[in-house]
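> fold the following and give me the result.
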Amino acid sequence: MTIRLRAHHLLCLLTFIGKGYTPAFTANYRRIVARLNAGEAAELVEGPDDICAPMLGEPGHHCRNASVRERDMQALADVAALLGRPLASGESFTLDPVRVAALRAAFAAGAIRTACQGCQWSGLCTDIAAGGFAGVRLCG
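Reported below is the predicted structural model:
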């Protein structure tokens, strides 16, 4: 199988330590990270993805909001610039150790954090990056 990921979740995965919106959301996120750690491929998608799935039944949840789509476009642009090539929906990839290390270095340096502006989790993610990504779940 392939894990469907929206672009800004590529950034969120870098600092995921097991916290989330609800217990169901967090449990699902842990399962997804375990699959990525096992080498399962991910596919870039537009809109809600496999991480969003537990929240989609909640009325008014932000997963479908225009502001989140904008966050995705910002993340996609930043990661594409880092990689030096365009990225698009439908593209598949694995989050191997080399790729994760490069993304984390750029994240810690602030080079791929445009999408993080205004996010309620940004402070936590900044602290995790400043702490050398201690306790994160994604190994790469």
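
> can I get the CA coordinates of the lengthiest helix in the chain in PDB?
Longest helix in the chain, counting residues (DSSP state H): helix 66-83. What follows is helix 66-83, C-alpha atoms only, in PDB (Å, rounded to 0.1, in the frame of the first residue of the first chain):
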ATOM      1  CA  ALA A  66      -8.600  27.000   2.100                       C
ATOM      2  CA  SER A  67      -6.000  28.000   4.700                       C
ATOM      3  CA  VAL A  68      -4.700  24.400   4.900                       C
ATOM      4  CA  ARG A  69      -4.600  24.100   1.200                       C
ATOM      5  CA  GLU A  70      -2.500  27.300   1.200                       C
ATOM      6  CA  ARG A  71      -0.200  25.700   3.800                       C
ATOM      7  CA  ASP A  72       0.200  22.700   1.500                       C
ATOM      8  CA  MET A  73       1.200  24.900  -1.400                       C
ATOM      9  CA  GLN A  74       3.700  26.700   0.700                       C
ATOM     10  CA  ALA A  75       5.200  23.400   2.000                       C
ATOM     11  CA  LEU A  76       5.300  22.000  -1.500                       C
ATOM     12  CA  ALA A  77       7.200  25.100  -2.800                       C
ATOM     13  CA  ASP A  78       9.700  25.000   0.100                       C
ATOM     14  CA  VAL A  79      10.400  21.300  -0.300                       C
ATOM     15  CA  ALA A  80      10.700  21.500  -4.100                       C
ATOM     16  CA  ALA A  81      13.200  24.400  -3.700                       C
ATOM     17  CA  LEU A  82      15.200  22.300  -1.200                       C
ATOM     18  CA  LEU A  83      15.200  19.300  -3.600                       C
END
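
> for residue 127, give me phi and psi.
phi -60, psi -40 (degrees, to the nearest 10).

> helices along the protein, start to end?
Under DSSP H, the chain gives helices at 7-15, 23-37, 66-83, 97-108, 122-130.
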